[in-house]
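Asker: Quick one, what's the 3D model for this:
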Amino acid sequence: MVNQSNGENETPSGRGHVSWAQHIRAVLSAAAVGGSSSPSHTRPKARDADISTFYEPNGIYAAHAKEDGDGPVIAFIHGSPGSADGWVDYLIDPTIPGTKMAIDRPGFGASGFARGDETLPQQARALGQLLKDRPAILVGHSFGGPVALQAAHDLEKQIQGVLLVATAADPVLERILAIQHFGEWPGVRNMLPRIIRSANRELIALPHGLAELGPKLAKITAHISVIHSDDDVLVPFENVAYLKRELRDCASFVEQRLTGRNHFLPWNSYDEVSQQLIDLIARSTGKTPADRTMQHGNGFEHV
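Answerer: As a prediction, the model looks like this:
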């Protein structure tokens, strides 16, 4: 694994120690990165006519592309922090088949009424209300990955496939920093932007949520794809081995390892992520994937 810890001490797991300054810089980058794009892929600009938005009765907001056939809904779930806007390029990409939607998770974007401390099962339930009874393929980045996995367990008959992009999964690899608890002090918390308050609160609760999710992974039967960079200092690459070990009953497991791409793969590795999604849709629906020229890097497939 490539280490970008800048000479800091190694932990027993092999993960470089992440300083609080690195963590804060990364969180602020995540809040702003949603609109960035990959230089290797030219994509059309979204127009108002391309995207519709709506609220469900539970107040969850979604950005929705035009209906495209009667296949599974492709639902995109952002990380922490984040918003549905970060997935717009995927929503309007004509090479990705199916009806596509992206949500603002509780506490973020237009779903900001929430406290931001909803559990993984509560977030999966909110997603289920958006999907209604339609079959779906889920794409989760970072914190969105555990939400997608929880939904794949709780909505087993609906979820056909899950693409996990730089996803947290192993509770042992999660590390809560002292400054995060400091951010929960009432006087400090009230001065923070809402998006940071929501992110901090749910990230503090994430190790417990992952520990509760862990035993459920073996019961997930959907098709799984994982894409992760080996230099990710926010969500370590070792999470991939944990997923491969615990997702024992999934219909198929495809892993792609990237090098030197850090944590923000939906934007700096658009070609690789979108191709993995196209391939996952094909595996999940039994259809032939679209032919797109792309280098897959070091791929591994387990069926």
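
Asker: since we're on residue 216, how many residues are nearby?
Answerer: Using other C-beta atoms under 10 Å, residue 216 has 16 other residues around it. All C-beta atoms are positioned from the backbone trio N, CA, C, and that covers glycine.

Asker: Actually, residue 278.
Answerer: When counting by other C-beta under 10 Å, one arrives at 18 neighbours for residue 278.

Asker: did I read that right, it in a helix?
Answerer: Yes: counting by DSSP: H, G, I helix; E, B strand; the rest coil, residue 278 is found in a helix.

Asker: Make sure it is actually in contact with residue 93.
Answerer: No: contact criterion C-beta atoms under 8 Å: residue 278 and residue 93 do not qualify, at 9.4 Å.

Asker: Quick check: residue 231 vs residue 222, distance?
Answerer: Distance, residue 231 to residue 222, using C-beta to C-beta, to the nearest Å: 28 Å.

Asker: Among those two, which residue is more densely surrounded?
Answerer: A count of neighbours by other C-beta under 10 Å puts residue 222 above the other of residue 231 and residue 222, at 26 against 18.

Asker: how about residue 69, what does it touch?
Answerer: The contact partners of residue 69, by C-beta atoms under 8 Å, 6 or more residues apart in numbering, come to 97-99.

Asker: tell me how far the ends of stretch 211-231 are from each other?
Answerer: Taking C-alpha to C-alpha, to the nearest Å, stretch 211-231 runs 24 Å from one end to the other.

Asker: quick one: average pLDDT of that stretch?
Answerer: Averaged over stretch 211-231, pLDDT sits at 97.

Asker: Sort out which residues of it are buried, please.
Answerer: Buried residues in stretch 211-231, counted by 16 or more other C-beta atoms under 10 Å: 213-214, 216-217, 220, 222-231.

Asker: got it, and stretch 244-258?
Answerer: For stretch 244-258, using 16+ other C-beta under 10 Å, the buried residues are 244, 246-247, 250, 252-258.

Asker: And stretch 274-290, by the same measure?
Answerer: Residues 274-285 are the ones in stretch 274-290 that count as buried (16+ other C-beta under 10 Å).

Asker: residues making contact with that stretch?
Answerer: Contacts of stretch 274-290 (C-beta under 8 Å, 6+ apart): 41, 71-72, 74, 90, 93, 95-98, 137, 139, 160-163, 222-223, 225, 227, 251-252, 254, 256, 292, 294, 296.

Asker: hmm, which of those residues are the buried ones?
Answerer: Among the contacts of stretch 274-290, those buried by neighbour count (16+ other C-beta under 10 Å) are 71-72, 74, 90, 93, 96-98, 137, 139, 160-163, 222-223, 225, 227, 252, 254, 256.

Asker: Out of these, which sit inside helices?
Answerer: Counting by DSSP state H, the buried ones among the contacts of stretch 274-290 place residue 90 in helices.

Asker: Cross-check the contact I'm expecting between residue 89 and residue 273.
Answerer: No: here residue 89 does not reach residue 273: they are 10.2 Å apart, not a contact under C-beta under 8 Å.

Asker: Using JSON lines, lay out the buried residues of stretch 274-290 together with distance to residue 208.
Answerer: Converted to JSON lines, the buried residues of stretch 274-290 look like this (distance: C-beta to C-beta, whole Å):
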{"residue": "274", "distance to residue 208": "33"}
{"residue": "275", "distance to residue 208": "35"}
{"residue": "276", "distance to residue 208": "29"}
{"residue": "277", "distance to residue 208": "30"}
{"residue": "278", "distance to residue 208": "35"}
{"residue": "279", "distance to residue 208": "33"}
{"residue": "280", "distance to residue 208": "29"}
{"residue": "281", "distance to residue 208": "33"}
{"residue": "282", "distance to residue 208": "36"}
{"residue": "283", "distance to residue 208": "32"}
{"residue": "284", "distance to residue 208": "30"}
{"residue": "285", "distance to residue 208": "35"}
